[in-house]
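Trainee: Provide a 3D model corresponding to the input given below.
(one chain, ligands or ions: 2)
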Amino acid sequence: MSTTAWTREPVRRPDAAAGEAARLRQQRLTKPPGSLGRLETLAVRLAALQGRARPRLDRVRIVVFAADHGVAEEGVSAFPQAVTVEMIRNFARGGAAISVLARTLGASLEVVDVGAAADPGPLPGVVAARQGAGTANFTRAPAMTPGQLAGALGAGREAVARAREAGCDLFVAGEMGIANTTVAAALTAALLDLAPDAVAGRGTGVDDAGLARKVDAIRRALALHRAAAGDPMEALRRLGGFEIAAIAGAYIACAQAGIPAVVDGFIAGAAALAAVRVRPEVRPWLLFGHRSAEGGHARLLAALGAEPVLDLGMRLGEGTGAAASVAVLRLACALHDGMATFEEAGVSGGPA
Ligand SMILES: Cc1cc2ncn([C@H]3O[C@H](COP(=O)(O)O)[C@@H](O)[C@H]3O)c2cc1C
Ligand SMILES: O=C(O)c1cccnc1
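Mentor: Ligands and ions are numbered 1, 2, ... in the order given. Just a heads-up that it's a prediction; the model follows:
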């Protein structure tokens, strides 16, 4: 049986010397210091994370983790649970938003079925790592058994190992799972000690009655699992989901492998929060792609001290907000690498 012991293995430290070399290069490029704003600091951060003064984003890996949630039966989503497996098929055929973004970016896309309610069977580009036919309804029982939690975390670690094997400059985790905004909200509320209505949003577009059912389901879940709030791994087991645990595992594995990761929206953000609570040294390895329009994401970002790259009013998931930010991160790297220095260009007024 798989265990979670690997999550306690050492995490890499960013390379301060590579970061400093990148910072000095930015000062010598033909522009007033700081005038490219966060395009400068993002390139410097990527340099420290990749351990090279000129960071590259040629090989971007996107992995969408899909799973279902027992809490869907509480009527918390605007869409039926069958959409999860239907979207797995859509990913495999290349018709989803993340499929288009991955193609446009020239990024490799993998889908991991961590436990949709229906088994999609073998599909091209879909890895089966099923921990069950969806989690248990967390308003009545822990979402996962200890074995399922370990299996889901391990599925994330294995996805990072495959990415590393293929060569990976940057890792993007996405998710698909009907009702997972309820799950992300419950986990966020437990870990940040917030009221359900402060973190629950409309997800796929629930009406007022749906939102009230969602807040109520979260309130009941928090009451049932109250004792776990101080233990992030146990909170993840009781209030999380297979795909959220897999993403948390992937972030921890990225930090252990020295691969920077871009976090997507609210759901991936909840996984990031869990990962950082389990292993605080994971935090430097995470960049934040965008601010989701989902209620609760802004508070989650604030708690993580995260300033997202984009704020486009997106609220889809699948890794789409993180993928969109890769275009900006690539521009940051291209400027950093390709601009002339004051000295090279014979422009006056550069650093002494
Ligand atoms: C067609 C479709 C594609 C999606 N892709 C991502 N999500 C997003 O919506 C779901 C979460 O919202 P809720 O908690 O309200 O169910 C997740 O699957 C998330 O990835 C989708 C949702 C739908 C309907
Ligand atoms: O921010 C997200 O990740 C999100 C928001 C709504 C629905 N699905 C995902």
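Trainee: pLDDT weak spots in the protein?
Mentor: 1 (pLDDT under 70).
Trainee: which residue ranges form the strands in it?
Mentor: The residue ranges that make up the strands of the chain, judged by DSSP state E, are 60-67, 108-115, 126-128, 170-176, 261-263, 286-288.
Trainee: for those strands, which one sits closest to ligand 1?
Mentor: With Cβ to the nearest ligand atom, the closest approach to ligand 1 among the strands of the chain belongs to strand 170-176: 4.6 Å. Backbone N, C-alpha and C define where each C-beta goes, glycine included.
Trainee: orientation of that closest one relative to strand 60-67 in degrees?
Mentor: 20 degrees (axes from the mean of the first three to the mean of the last three Cα atoms, to 10 degrees).
Trainee: And ligand 2, is strand 170-176 touching that?
Mentor: No: counting by Cβ under 6 Å from any ligand atom, ligand 2 has no neighbours in strand 170-176; the shortest distance is 7.1 Å.
Trainee: Can I get that strand as PDB, trimmed to CA atoms?
Mentor: C-alpha atoms of strand 170-176 as PDB (Å, rounded to 0.1, in the frame of the first residue of the first chain):
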ATOM      1  CA  LEU A 170       7.600  24.400 -15.800                       C
ATOM      2  CA  PHE A 171       4.700  22.300 -14.400                       C
ATOM      3  CA  VAL A 172       1.000  23.300 -14.600                       C
ATOM      4  CA  ALA A 173      -1.600  21.300 -12.700                       C
ATOM      5  CA  GLY A 174      -5.200  21.600 -13.700                       C
ATOM      6  CA  GLU A 175      -8.400  20.000 -12.400                       C
ATOM      7  CA  MET A 176     -11.700  18.700 -13.500                       C
END
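Trainee: which residues touch the residue of the stretch 251-352 of the chain found nearest ligand 1?
Mentor: Taking Cβ to the nearest ligand atom as the measure, the point where the stretch 251-352 of the chain comes nearest ligand 1 is Gly317, at 3.0 Å. Counting by Cβ atoms under 8 Å, 6 or more residues apart in numbering, Gly317 touches 174-176, 180, 264-268.
Trainee: from the stretch 101-250 of the chain, which residue is nearest to ligand 1?
Mentor: Ranked by Cβ to the nearest ligand atom, the top residue of the stretch 101-250 of the chain for proximity to ligand 1 is Gly203, at 2.4 Å.
Trainee: Next, give phi and psi for that residue.
Mentor: phi 50, psi -120 (degrees, to the nearest 10).
Trainee: Neighbours of it, how many?
Mentor: Under the neighbour criterion other Cβ atoms under 10 Å, Gly203 is assigned a count of 26.
Trainee: can you count the residues close to the nearest residue to Val199 once chain neighbours are set aside?
Mentor: Residue nearest to Val199 in three dimensions, not counting chain neighbours: Gly296, with 3.6 Å by Cβ to Cβ, 6 or more residues apart in numbering. When neighbours are defined as other Cβ under 10 Å, Gly296 has 24 of them.
Trainee: wait, isn't Gly296 in contact with Ala200?
Mentor: Yes: counting by Cβ atoms under 8 Å, Gly296 touches Ala200, with 6.7 Å between them.
Trainee: Overlap in contacts, the two.
Mentor: Between them, Gly296 and Ala200 share the contacting residues Ala185, judged by Cβ under 8 Å, 6+ apart.
Trainee: What residues does the stretch 51-200 of the chain have near ligand 1?
Mentor: Proximity of the stretch 51-200 of the chain to ligand 1 is assessed by Cβ under 6 Å from any ligand atom, with 77-79, 83, 87, 175-182 identified as the residues in range.
Trainee: Using PyMOL, define a selection of the buried residues within those.
Mentor: For the buried members of those, the matching PyMOL selection, counting by 16 or more other Cβ atoms under 10 Å, is:
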select buried, resi 77+79+83+87+175+176+177+178+179+180+181+182
